[in-house]
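Peer 1: what follows is a protein structure lacking sequence information:
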């Protein structure tokens, strides 16, 4: 069962990923900012990313 916070981060990450992809193509739209936000959302919510961060830090 997904928690609400987990699901919200995944949805926010997907939205920012789509906006970032659009921003890469459309001029005068900050695509990189949205890609960084998407990476932050996914980095704090996906279990395999968290395990990888723990493994790399030790």
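Peer 2: That came through, no problem. Note that the structure is predicted; figures quoted are calculated from it, not measured. Numbers count the residues shown, from 1 in each chain.

Peer 1: so for the most centrally placed residue in the chain, what's the pLDDT?
Peer 2: Centroid check for the chain by Cα atoms, centre = their mean gives residue 38 as the closest residue, at 2.6 Å. pLDDT for residue 38: 91.

Peer 1: what is the neighbour count of the closest residue to it other than its chain neighbours?
Peer 2: Of all residues not flanking residue 38 in the chain, residue 16 sits nearest, at 3.8 Å (Cβ to Cβ, 6 or more residues apart in numbering). For every residue, glycine as well, the C-beta is placed using N, CA and C. Residue 16 sits with 21 neighbouring residues when counted by other Cβ atoms under 10 Å.

Peer 1: in which helix or strand does residue 16 reside?
Peer 2: Per DSSP states H and E, residue 16 falls inside helix 4-25.

Peer 1: what's the following helix or strand after that helix?
Peer 2: In N-to-C order, the element after helix 4-25 by DSSP H and E is helix 31-43.
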